Structures are given as structure tokens and as C-alpha cells.
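Visitor: sequence-free structure coming up:
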DNA sequence: TTGAAAGCGCTACCAC
DNA sequence: GTGGTAGCGCTTTCAA
């Protein structure tokens, strides 16, 4: 592999000049720059990332941890994050925690000095652990707010409030809630609470937790029917799909036999359901904001104080919700 | 951040000794080792990855590129890969190419000297590009075979042969094939060809390409019905889900009205369909093998020759396929 | 078994 | 605008 000095020799200049020609082109005369660039090209020169990181303390890498890749919610999140990283000339690397706090902590630990910043989607570690990480390197949490770290949170609880009002307005008196994809999610209990508080005079039956799986939705159907609820809110699209399938098979349909709503509209993940009333969650936007904030932290002075962003969701009222049949 | 020398001073030994105590414990007397380890612990010492990489030439990082995270097939692949990497004490980092050959090439380029090896799932670059990458660093391709690079391929074409025979045996004379998730997939045309060749005296109508999306399956239904086929083979689970939903809504069911089969059984991605005849693809196993081979290459001598693994798939005959109704 | 010293490839400071 | 030089933090000869 060609080194800086090889290029220097070939171009008839010093190594410092080559370094500048490559990293700070404006500090170099045009003619020298051309010569250096030509020589570098000729030799197929490439920066040695380790040497550069050693002296600058920067790696050009940003880590993004997700609990699981099986949850389609993270696909658009990562896509948005990637876009923001690319714009800043950074590489975004994705790591999977499997929802394990230990694994998550180990990952942050081992990656801490190999990346310029760490974004954690739905982190499961304790607040103290996260705060400690935030002291070591730029950290942004997505869909969880902790003291001492910047965060981006999609306001699905507020969305649930809207959804609850919508269903109550239609006259539903008993609503079944199919819990979030992850038992340890910070947001999940907040969503349920928001739903409950939005319809204080109605009954909300929580069926939870259910994994975000098609078959889980199929299995959940009987439980839902047993509750006697006239409306169902499912947190995950995949889950709703299974529920819908089973209900259709049983000859039931929305909104005639029951109302159906979904708390995440995963259009970007190929799971959008055209006629289902849903909360549109700005997943890509959330990923983008997370990385943008991370870049700010990485560029800025240490000890900058944490910021917290709350992203609104949109209620998409479609044809799967309506007034309950009056028996 | 504590450096090696800080630990050395604290333990009353030289930096070399600390280095050895940490990396080659067997070269050090037990008492010294204990002292060093205690001092390191005390100071919260952590290796500096950049410095280490600079001198050893190894980073402890393995990259795994995937075309898209929206395709649930890759979730179990990455999970298996992760497991293998963990076992070897490496970090697995995932990068997304968006199915763009340019992006893929750029990623390999920019990551080449920051990782110890590169695994590429369903790569879209030309064979020459991939071969060139393989000359620079250990490279393993998944679900694509190219000259000059090691590969792991899941033998879905053979699975299609089995599936074709199964459907022909049931008496189906016209079979609709819903194409693979990715237009540029190396395997997709091979699957279709295998299906065709397995039933030379039957008609195979290829409806392709369809993205792996629920709604695409819904949309595809009319096209499928128009073909007059009595059996449908869908490549993607997500697609099949949409198809199934629409057909159920239309009052059609399998295997009475038509036979239904799926070419990937994504149980690990939460999309398994309990009653659907499907090919079980060993996705996690494929991810594991890919990384294991990568580790061999990274450990072994340069210029080791490429190996090619073919992983069998299993035909799971379930209740969604049967003999066509005789009109 | 341990220590001293060289050096991995680069950037940044200080002269010129 | 350019070159010399020091040094980032570590591993690894080589001597003791």
C-alpha cells in the first residue's frame, strides 16, 4: 500500500505538503496540488484510517444501534440516518443489540473509541449507563429520553391520545390494545397510558406484550374477540397484519364488525395497509434528526448540554374505523 | 483517557510489560500480571483501537453489507453473522447499499482499511469489481457466486425444482411465479429458470419483478387471477401476505380455490405463515457460514483460493397446496 | 521474564 | 506556500 511519503517522493514534495493537498486543498498552490493529486492517483494512494484516527482522534464512523433488525420500524430509521451521515461524509455503521442491555453496553464500550458518535434506538440500558456513555462520547438516544444525553422521540403517546379521541368519538366503549413490539420499550407504557387517559370514561383492555410477528397477530385474535371490544389498536403493523388475516378468515371485516387501527404506518418498510386507520410515524425523519444531532455534538465543544426533540405523529383516519354496530 | 504508560507507572513496570500482560498473558509471570491487571482496572484503562490497528494492521471489525433493511430476509442472516463474529471476538458492523452498485463499491472502498473483512449479501457490483475488492481484503459474497471471491449461496433454485415437481405432481398445469424482491438479484433468474425446467411440460407464467411489500401482493392478485393459473409461487413472504389477504377478502382460499407456495419461510423474521407450503431457507446459517469463512480468510495466508458453499433448502409441504379443482 | 527503543502512517506545529 | 520534526498510543523486536 502506498504511503504518504511514496506520493511525496513521486510528486517531488514533502509529506506534509501531500497531507495538506489531500485534506486542506486551499492551503496549497494550485500547481503543487495538481501534481500531488496526479501522483496520488497514479500510485492508487489511500489514507490509512488507523494512522489518521490516531493523530486526529476522529474516525469518520458513526454507530447506530438497534434492538433488532426483524422489527421493520428500523429500516426507514436507518435509511434516514444513513442519508444524514452521507451528507456529512461519514460512514454509518449499524449494530444489533438483540434487546439485551448487557450486549448494548458492551457494544457501546467496545465501539466507543472506534466511532465519532453513538446513536441508540430504543436503548434498554439504565439511565446511569447511558449518561456515563454520553460523558465518553457523543450519544443520542432515539425513542427514549434520559438525563444527560440528547434525544429524539417520536411522539406516539400523543398520537395515541388522538386515536383514543377518534375511537371514543365514534362511540366505542371498549377498546383493545395490542402491546408494543418490545417488552422493555420505554415508550410502550407511555402509549398505553396516553390511550387510557384520552378516554377516561371508556374501557381499555391491554393485551400485551405481543412480539411484532404475523403469527402473533393470528394468535392474538381470539383473545381480542374474547374481550368484547369493538375497536382494536395494534402497535405493530406486522401484528395487525396477522390479526387482519385471521379476522378475514373468520368472515369478519372492518369497520362493519369491528374497528381497526394501527399505531405505526410502516409505508417505508413495505407494510403499509392502504385502508387502515393509522398513526403515521416519521421514522426516516427521526433517523435523520438523530444523526444530525450526533454530528453537532461531535463537531461542537465537549460538555455541550443535552437537547430533546419531540417529533409529532399524524393520525391518518381511513376506512377501517367507524361506529360500532349497535346490537 | 488512561494510556498504557499510565498503567505501567501505576504498576511499577514498563509499558511493554503492560502490553504483554493484556495481550499475551502467558508471557508474563503471574504476580506481575495480577499487579498490571489491577492497575489497569483501577485506572479504567482501555486499548486505543486506532493505535493498535496502526501497528498490528487489524481492527477487529467485520463489515456486512446488505442491499436493504426493509427486506426481512436479512434480519436472520445478520443475526447468524453476528453470532459467529461474537464467537471470534470481532465486532460485526452492518452497512446498507440500497441496492446501488456505486454505493456498494464506495462502501467497500471506504471501509476496506477499517475492517478485517467484508461480507456482501446479494452484491450488485460487477464481477470484476468484486474480484478487485477480494484482492485488497478478505471478501465473501452471500447469494452470489463470482470468480475470485469466496461465496455462500443458499440453493433456492434447487428448492424451486422441488417445489415445481410438487405442484406438477398435484396436477397443476399452469403456475404463476411472483418474482423476487430485487430486480438485480443474481439468484432470481436462476430460480425462475429452475422452476421452468422442473416442469417442462407445464406452463409457468412469470409475473416479475414485485417488491417485497404487502401492498404489492395485494396489487398482484388481479394479475395472478388473470393468468388462469391454479397455483402461485411467491418469492417473498411479505408479498405472499398481501396476496393472501386480497384473496381471502375475495372469498378465495387455499388449497380449495388455488394452491399457494412461498419461496422463503421467514420464521426468524416474524413472517412465517403456519399453513403455507414453503421453502425453508437457512438464513441464519448462511450468515454464520459467511462470517466463518471471512474469519478464515482474515486469519489465513493471503491469496488463499476461493471456496464456494451451497446451502440446501428444505421444502415444507403444508396445507396450502393441493390438487387443482377440476372444473 | 522484563525493559528500552524503534516505528506503524499520519497530522500539526513551527520555522522558513 | 512549503518542509522539517515531533508525536499520537501501541506492539514488537532485541538485549539484558
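Guide: Structure's in. What do you need? Because the structure is predicted, anything quoted here is derived from the model rather than measured.
Visitor: how about stretch A:67-75 and chain B, touching?
Guide: Yes: using Cβ under 8 Å from any Cβ of the partner chain, stretch A:67-75 reaches chain B at A:68-70, A:72, A:74-75. Heads up, the C-betas are built off the backbone N, CA and C, glycines and all.
Visitor: write a PyMOL command that selects only the buried members of those residues.
Guide: Selection of buried members from those for PyMOL, criterion 16 or more other Cβ atoms under 10 Å in any protein chain shown:
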select buried, chain A and resi 68+69+70+72+74+75
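Visitor: mind listing the strands for chain A?
Guide: Under the criterion DSSP state E, chain A contains strands at A:61-66, A:91-96, A:117-121, A:139-142, A:150-154, A:174-178, A:203-207, A:231-234, A:259-262, A:277-280, A:308-311, A:314-316.
Visitor: deepest in the core, which of the ones you listed is it.
Guide: Highest mean neighbour count of these: strand A:231-234, a mean of 30 (counted as mean count of other Cβ atoms under 10 Å in any protein chain shown).
Visitor: for it, give me every contacting residue.
Guide: The contact list for strand A:231-234, computed with Cβ atoms under 8 Å, 6 or more residues apart in numbering or on different chains, reads A:160, A:163, A:167, A:170, A:172, A:174-178, A:195, A:217, A:224, A:240, A:243, A:258-263, A:321, A:324.
Visitor: and the lowest-mean-pLDDT helix or strand in chain A, does that touch chain B?
Guide: Sorted by mean pLDDT, DSSP states H and E, the helices and strands of chain A end with helix A:237-249, the least confident at a mean of 87. Yes: residues of helix A:237-249 contacting chain B under Cβ under 8 Å from any Cβ: A:238, A:241, A:244-245, A:248-249.
Visitor: tell me the buried residues within those residues.
Guide: Of the residues of helix A:237-249 next to chain B, these count as buried by 16+ other Cβ under 10 Å: A:238, A:241, A:244-245, A:248.
Visitor: give me the low-pLDDT residue ranges for chain A?
Guide: Judged by pLDDT under 70, chain A has its weakly predicted residues at A:180-183, A:266-272, A:301-303, A:326-327.
Visitor: next, the residue in the stretch 101-250 of chain A that DNA strand D sits nearest to: phi, psi?
Guide: Proximity of the stretch 101-250 of chain A to DNA strand D (Cβ to the nearest atom of the strand) peaks at residue A:113, 9.1 Å away. Dihedral angles of residue A:113 (phi, psi; degrees, to the nearest 10) stand at phi -100, psi 10.
Visitor: my read is that it contacts residue B:45, right?
Guide: No: with contact defined as Cβ atoms under 8 Å, residue A:113 and residue B:45 do not form a contacting pair (11.8 Å).
Visitor: out of the residues of helix A:237-249 next to chain B, which comes closest to residue A:308?
Guide: residue A:238 (29.1 Å; Cβ to Cβ).
Visitor: how about the nearest residue to that closest one, chain neighbours excluded?
Guide: Excluding its sequence neighbours, the residue lying closest to residue A:238 (Cβ to Cβ, 6 or more residues apart in numbering or on different chains) is residue A:212, at 4.6 Å.
Visitor: and that neighbour, how many neighbours?
Guide: When neighbours are counted by other Cβ atoms under 10 Å in any protein chain shown, residue A:212 registers 29.
Visitor: tell me who's in contact with it.
Guide: Residue A:212 makes contact with A:70-73, A:181, A:235-239, B:270 under the criterion Cβ under 8 Å, 6+ apart.
Visitor: interface residues of chain A facing DNA strand C?
Guide: With Cβ under 7 Å from any atom of the strand as the criterion, chain A meets DNA strand C at residues A:1, A:3-5, A:15-16, A:19, A:22-23, A:45, A:47-48, A:51-52, A:54-56.
Visitor: out of those residues, which are buried?
Guide: Going by neighbour count (16+ other Cβ under 10 Å), the residues of chain A next to DNA strand C have A:4, A:19, A:22, A:45, A:47-48, A:51-52, A:54 buried.
Visitor: okay if I get those as JSON lines plus distance to residue A:99?
Guide: Formatted as JSON lines, these follow (distance: Cβ to Cβ, whole Å):
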{"residue": "A:4", "distance to residue A:99": "44"}
{"residue": "A:19", "distance to residue A:99": "44"}
{"residue": "A:22", "distance to residue A:99": "42"}
{"residue": "A:45", "distance to residue A:99": "43"}
{"residue": "A:47", "distance to residue A:99": "37"}
{"residue": "A:48", "distance to residue A:99": "37"}
{"residue": "A:51", "distance to residue A:99": "37"}
{"residue": "A:52", "distance to residue A:99": "35"}
{"residue": "A:54", "distance to residue A:99": "34"}
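Visitor: output the residues you listed as JSON lines; include the columns distance to chain B.
Guide: JSON lines is the format used below for these (distance: Cβ to the nearest Cβ, whole Å):
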{"residue": "A:4", "distance to chain B": "13"}
{"residue": "A:19", "distance to chain B": "16"}
{"residue": "A:22", "distance to chain B": "15"}
{"residue": "A:45", "distance to chain B": "12"}
{"residue": "A:47", "distance to chain B": "8"}
{"residue": "A:48", "distance to chain B": "6"}
{"residue": "A:51", "distance to chain B": "5"}
{"residue": "A:52", "distance to chain B": "8"}
{"residue": "A:54", "distance to chain B": "4"}
